[in-house]
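**Student:** requesting a structural model of the entry that follows:
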Amino acid sequence: MSILLSTPSFQTSGGVIHNPEDSAITKALESSTLIMIMLASTCLNSVTMFVILRTRSLRQTGHALLILNLCLADLGVVFLGMSFSLLSVFDGGRFVMSHPMICKYLNGFLTLTFSVTGFVLISCIAVDRLLLIVFALRFPPTRRRIYVMVAVSWLTGLSITTIRLLGTGRGFGYLPSTENCAGPYGDIIGTKRYLIIAGAVLMSMFIVVYGTITFYLWKGDQRLLRHTLARPKPVVKPKPPVGENGPNEIRMDSQVRFKVA
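**Tutor:** This is a model prediction of the structure:
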């Protein structure tokens, strides 16, 4: 069942779509939420990119390259997706509907590309953690592997979005329920069933990956603990008694004393 079936009815007036349930409070909540998310995402991703680019040791780390690309994908969603959604909260989608090229390619094609790429990059980061921690000896870390992961992530996002653009025959259009140009979803991607399955697959993969990492680390701690307990304790020899006049005087008993030259 399409997402459109779950949205309320909308009336159009002068090319602008109006939701009968819209109110000043609803617009204030939507706009304030979007603004907070955009500011937080922009600040956090910008700081992360700045730290990675300014720190030489991080630039030479393959895992940091994956995080850097994830930050770029997140910023793409913020500037090309959320910014137009924020504008549509106030004008009802007038701007994007009056500029079909912006709606189709900037707010539609590129936003979906960044979104899909971000999901694939998150999956690659999880897999890279698994290989580094659990299978480090079998699959040693190489920059070539990171480059392949980055290329696969962006190519996957571009491929799925291109299929969405050309394969469904419906293109991208303004969708009032999300206030962006994701458009009426076709049969290839976007249905509720597909989104639920995709989310379930991603969550299952995260559970398996990080569960495996947690079990591996716990097992290593248990081996280290058993080795520590099984190791024999060193024998400490008792020190000879020291006399009252310093370490050179050894007291043999309560009556005989002599100094060591």
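
**Student:** buried ones in stretch 75-94?
**Tutor:** By 16 or more other C-beta atoms under 10 Å, the buried positions in stretch 75-94 come out as 75-89, 92-94. Where you see a C-beta, it was placed from the backbone N, CA and C, and this is true even at glycine.

**Student:** what's the answer for stretch 142-162, then?
**Tutor:** So, applying 16+ other C-beta under 10 Å, buried residues of stretch 142-162: 145, 146, 149, 150, 153, 154, 156, 157, 158, 160, 161.

**Student:** and the third one, how far is that from residue 126?
**Tutor:** If I follow you right, that is residue 149. 11 Å (C-beta to C-beta, to the nearest Å).

**Student:** pipe the buried residues of stretch 142-162 into a markdown table and attach distance to residue 34 and pLDDT per row.
**Tutor:** Formatted as a markdown table, the buried residues of stretch 142-162 follow (distance: C-beta to C-beta, whole Å; pLDDT from 0 to 100):
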| residue | distance to residue 34 | pLDDT |
| --- | --- | --- |
| 145 | 37 | 91 |
| 146 | 33 | 92 |
| 149 | 31 | 93 |
| 150 | 29 | 94 |
| 153 | 26 | 93 |
| 154 | 26 | 94 |
| 156 | 27 | 92 |
| 157 | 23 | 90 |
| 158 | 26 | 91 |
| 160 | 25 | 84 |
| 161 | 22 | 85 |
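
**Student:** could you identify the most distant pair in those residues?
**Tutor:** Maximum pairwise distance among the buried residues of stretch 142-162 (C-beta to C-beta): 25.0 Å, between 145 and 161.

**Student:** where in this protein is pLDDT low?
**Tutor:** 1-22, 167-171, 177, 182-195, 230-261 (pLDDT under 70).

**Student:** what segments of it are helices?
**Tutor:** Here the chain has its helices, by DSSP state H, at 24-54, 56-59, 62-77, 83-91, 94-98, 100-101, 111-133, 143-166, 192-230.

**Student:** TSV for the ones you listed, including distance to residue 176?
**Tutor:** Below are the helices of the chain laid out as TSV (distance: least, C-beta to C-beta, whole Å):
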stretch	distance to residue 176
helix 24-54	12
helix 56-59	43
helix 62-77	19
helix 83-91	8
helix 94-98	10
helix 100-101	16
helix 111-133	16
helix 143-166	19
helix 192-230	17
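
**Student:** out of the ones you listed, which comes closest to residue 174?
**Tutor:** Of all the helices of the chain, helix 94-98 comes closest under C-beta to C-beta, at 5.2 Å.

**Student:** in the closest one, what counts as buried?
**Tutor:** 94, 95, 96, 97.

**Student:** quick one: which of those residues is nearest residue 130?
**Tutor:** residue 96 (40.7 Å).

**Student:** for the closest one, which non-adjacent residue is spatially closest?
**Tutor:** Of all residues not flanking residue 96 in the chain, residue 103 sits nearest, at 4.2 Å (C-beta to C-beta, 6 or more residues apart in numbering).

**Student:** next one: residue 217
**Tutor:** Nearest to residue 217 is residue 133, by C-beta to C-beta, 6+ apart, at 7.3 Å.

**Student:** that neighbour contacts residue 213, correct?
**Tutor:** Yes. Between residue 133 and residue 213 there is a contact at 5.3 Å, judged by C-beta atoms under 8 Å.

**Student:** centroid residue for this protein?
**Tutor:** residue 122 (4.9 Å; C-alpha atoms, centre = their mean).

**Student:** check contacts around that one.
**Tutor:** 70, 202 (C-beta atoms under 8 Å, 6 or more residues apart in numbering).

**Student:** excluding its backbone neighbours, what's nearest residue 87?
**Tutor:** Nearest to residue 87 is residue 95, by C-beta to C-beta, 6+ apart, at 5.7 Å.

**Student:** equivalent analysis for residue 27, please.
**Tutor:** Per C-beta to C-beta, 6+ apart, closest to residue 27 is residue 89, 5.5 Å.

**Student:** that's all I had, so thanks and see you.
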